[in-house]
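here is the input, now give the coordinates:
(2 chains)
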Number of protein chains: 2
Amino acid sequence: MSEELAARGQTTAAQVRKDLSHFGSFGKRGLGYRVRELRASLQRIIGVDRPWRVALVGAGRIGLALFEYPAFRARGYECVAIVDSDPEKIGTVWGNLTIRGPEEFETIVASLDVELIILAVPGPAAQELAARAVDAGVKGILNFAPIRLNVPPRVPVEDVNLIMELEALSFAITQAQRDA
Amino acid sequence: MSEELAARGQTTAAQVRKDLSHFGSFGKRGLGYRVRELRASLQRIIGVDRPWRVALVGAGRIGLALFEYPAFRARGYECVAIVDSDPEKIGTVWGNLTIRGPEEFETIVASLDVELIILAVPGPAAQELAARAVDAGVKGILNFAPIRLNVPPRVPVEDVNLIMELEALSFAITQAQRDA
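Below is the predicted model:
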């Protein structure tokens, strides 16, 4: 079992056992893990043993691609609201949701129990919206805006910066060619 | 100057100076860095002092969002081809590019000097296309498919896994609430 997990994660069985041991005692030496129990424990630890209520902030191209990404809902991330500042978009319908204006943001977060936001707005608008989300009670932010958000440490932020990913790739290629 | 870079990167001036020293000798102690020279050196080191020729593989929603993302071109990543396997998409035009079928992939890479691919196809199709890209001479892959690609170590891969980002956020929130 740890061998199988190791192969999938491109690591070693010993590392898998060590990593798992950080979170408690799983399985029996020589007997392996009970897959169902291990999976349930890991899901609880990661926090994916329950659904998460998400608001999409920014109904641009990236927002739309994310909104329509079937894996999000399949994994328990349910988009319960969409907010955008563009008057042409406010009031239009995506799926079963009506896009709402930013002045409604706090009401939406409170009334719909939004826990996470996906922030897919241009850089200049991102900080203010992040701060408002935090004040309204949002617990975490998936940030696509190309800026570093300034929020309290109790609110985790995951940044997805596509330009930085491409630049990391350029760097890796440049290094690989230098070493060759 | 190192103070300024440190503030922007949320690190310390000493760390900035240490990080830069890995790549060579920049600036003069007490006098700081010459901004223009430093920038040019860093751009050369990272490999962003020149344009990169990119093919988009997968003309779905994420592909479209990426294709229309103005920052890519602004930073020197020029999309020179789009490939998709959907017969309804092949032949249609995005911007100034006609979407082409996967049977043309090798010809496209060779004739257009494609260096990078953005792989935005479903998991099951990704490995075969990645292997073909590598054989055709592609030097690096930005991978949006939710699988770990098996390619030679000389070909760097950057993975963008949006589900994993959300799950990392769920984990961070769950931990933060446990500690509170």
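
now A:Pro156. Nearest residue, chain neighbours left out?
Excluding its sequence neighbours, the residue lying closest to A:Pro156 (C-beta to C-beta, 6 or more residues apart in numbering or on different chains) is B:Ala172, at 3.4 Å. C-beta: built from backbone N, CA, C; applies to glycine.

er, A:Asp49 I mean
A:Gln43 (4.1 Å).

just to revisit the earlier point, my guess is the residue nearest to A:Pro156 meets A:Glu158, correct?
Yes - between B:Ala172 and A:Glu158 there is a contact under C-beta atoms under 8 Å: 7.5 Å.

residues touching the least confident helix or strand in chain A by mean pLDDT, excluding its own?
In chain A, no helix or strand scores lower on mean pLDDT, DSSP states H and E than helix A:2-8, which sits at a mean of 77. Here helix A:2-8 makes contact (C-beta atoms under 8 Å, 6 or more residues apart in numbering or on different chains) with A:Thr12, A:Ala13, A:Ala14, A:Gln15, A:Val16, A:Arg17, A:Leu20, A:Gly32, A:Tyr33, B:Arg148.

out of those, list just those in helices.
Counting by DSSP state H, those place A:Ala13, A:Ala14, A:Gln15, A:Val16, A:Arg17, A:Leu20 in helices.

can you tell me the closest non-neighbouring residue to the last one?
What it means is A:Leu20. A:Phe26 (5.2 Å).

report the distance from stretch A:11-30 to the chain centre.
26 Å (C-alpha atoms, centre = their mean, to the nearest Å).

repeat that for stretch A:2-11.
With C-alpha atoms, centre = their mean, you get 24 Å for stretch A:2-11.

can I get it in CSV, CA atoms only?
Output of stretch A:2-11 as CSV, limited to C-alpha atoms (Å, rounded to 0.1, in the frame of the first residue of the first chain):
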residue,chain,number,x,y,z
SER,A,2,2.7,2.5,0.9
GLU,A,3,4.5,1.2,-2.2
GLU,A,4,1.5,1.9,-4.3
LEU,A,5,1.0,5.4,-2.9
ALA,A,6,4.7,6.1,-3.3
ALA,A,7,4.6,5.1,-7.0
ARG,A,8,1.6,7.3,-7.7
GLY,A,9,3.2,10.2,-5.9
GLN,A,10,6.7,9.6,-7.4
THR,A,11,8.3,9.2,-3.9
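
can you give me the buried ones in that stretch?
Across stretch A:2-11, burial judged by 16 or more other C-beta atoms under 10 Å in any protein chain shown covers A:Ser2, A:Leu5, A:Ala6.

need the ones in helices among the contacts of helix A:2-8 in a markdown table (columns: pLDDT and neighbour count).
Output for these, formatted as a markdown table (pLDDT from 0 to 100; neighbours: other C-beta atoms under 10 Å in any protein chain shown):
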| residue | pLDDT | neighbour count |
| --- | --- | --- |
| A:Ala13 | 84 | 14 |
| A:Ala14 | 85 | 11 |
| A:Gln15 | 85 | 13 |
| A:Val16 | 82 | 20 |
| A:Arg17 | 82 | 17 |
| A:Leu20 | 81 | 19 |
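
could you chop chain A up by domain?
Here the domain parsing of chain A from automatic domain parsing is A:2-45, A:52-164.

and those domains, which is most packed in?
domain A:52-164 (a mean of 18; mean count of other C-beta atoms under 10 Å in any protein chain shown).

how near is the residue most central in space within chain A to chain B?
Nearest to the geometric centre of chain A sits A:Leu142, at 4.8 Å (C-alpha atoms, centre = their mean). Per C-beta to the nearest C-beta, to the nearest Å, A:Leu142 is found 6 Å from chain B.

what packs against the longest helix seen in chain A?
Using DSSP H to define each element, chain A has its longest helix at helix A:162-179. Contacts defined by 3 or more C-beta pairs under 8 Å, 6 or more residues apart in numbering or on different chains; DSSP states H and E place helix A:162-179 against helix B:35-46, helix B:70-74, strand B:116-119, strand B:140-143, strand B:157-159.

as CSV, the ones you listed with distance to B:Thr107 and mean pLDDT would be great.
Output for these, formatted as CSV (distance: least, C-beta to C-beta, whole Å; pLDDT from 0 to 100):
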stretch, distance to B:Thr107, mean pLDDT
helix B:35-46, 31, 83
helix B:70-74, 24, 83
strand B:116-119, 14, 96
strand B:140-143, 19, 96
strand B:157-159, 23, 95
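
now the longest helix of chain A against helix B:35-46, angle please.
Helix A:162-179 and helix B:35-46 meet at an angle of 70 degrees, taking axes from the mean of the first three to the mean of the last three C-alpha atoms, to 10 degrees as the criterion.
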